[in-house]
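S.K.: I need the structure of the sequence given here:
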Amino acid sequence: MARSYSQDLRDRVIDAVLDDGLSRRAAARRFGICYSTAIRWLDAVTRDGRWHSAGTGGHRPLKLAPERDWLLAEIERRPDLTLEALATCLQQERGVSASASMLCRFFGKEGISFKKNRIRG
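M.R.: Below you'll find the model as predicted:
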C-alpha cells in the first residue's frame, strides 16, 4: 500500500488554489500529484471545511453486541447448535443477519470455542 501524502503538501496544494488562484489541475501539476487527488482535497475544503484527511480504518462497532445476551443464552440452552444453524435462528428470531464467521469471531472474543471433544462427538 502506498504511503499517504503529507499534510504539508496538502496545505500547499490547497493554498495554491485558494490564495494563488491556480486551478485544481494546475496546482496538481505544480506539486506533482494526481489531478483527482487535488480535486478531492479541494472538494473536502469547500464542502466540509476539512483540511485534514478523513483517515482510514478505525473502530467498527460490533453488529452482534446488542444480541450478546440472546446469543449466550441460546448457546447455553442448545450447546450442540452449529454456527450456521445459530445464524439462521438469529435471522428468524431476531431479524439480524450474520454469517458463521462473524459468529465465530464474536464467540472468540467472548472466550467461547467450539472445539470437538470426545463428549460432544
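
S.K.: helices along the chain, start to end?
M.R.: Remark: helices assigned in the chain by DSSP state H are 7-18, 24-31, 35-48, 68-77, 83-89, 100-109.

S.K.: packing partners for the shortest one?
M.R.: Other helices and strands packing on helix 83-89, by 3 or more Cβ pairs under 8 Å, 6 or more residues apart in numbering; DSSP states H and E, are helix 68-77, helix 100-109. All C-beta spots, glycine's among them, are computed from the backbone N, C-alpha and C.

S.K.: out of those helices, nearest to Ala16?
M.R.: Shortest distance between Ala16 and these, using Cβ to Cβ, is found for helix 100-109: 46.0 Å.

S.K.: what is the mean pLDDT for that closest one?
M.R.: Averaging pLDDT along helix 100-109 yields 90.

S.K.: how about residues contacting that helix?
M.R.: 62-64, 71, 75, 82-84, 86-87, 90, 98, 113-114 (Cβ atoms under 8 Å, 6 or more residues apart in numbering).

S.K.: counting neighbours, which of these end up buried?
M.R.: The neighbour-count criterion (16 or more other Cβ atoms under 10 Å) marks 64, 71, 75, 83, 86-87, 90, 98, 114 among these as buried.

S.K.: I'd like those residues laid out as a markdown table, including distance to Arg3.
M.R.: Converted to a markdown table, the buried ones among the contacts of helix 100-109 look like this (distance: Cβ to Cβ, whole Å):
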| residue | distance to Arg3 |
| --- | --- |
| Leu64 | 35 |
| Leu71 | 41 |
| Ile75 | 44 |
| Leu83 | 39 |
| Leu86 | 42 |
| Ala87 | 39 |
| Leu90 | 41 |
| Ala98 | 36 |
| Phe114 | 41 |
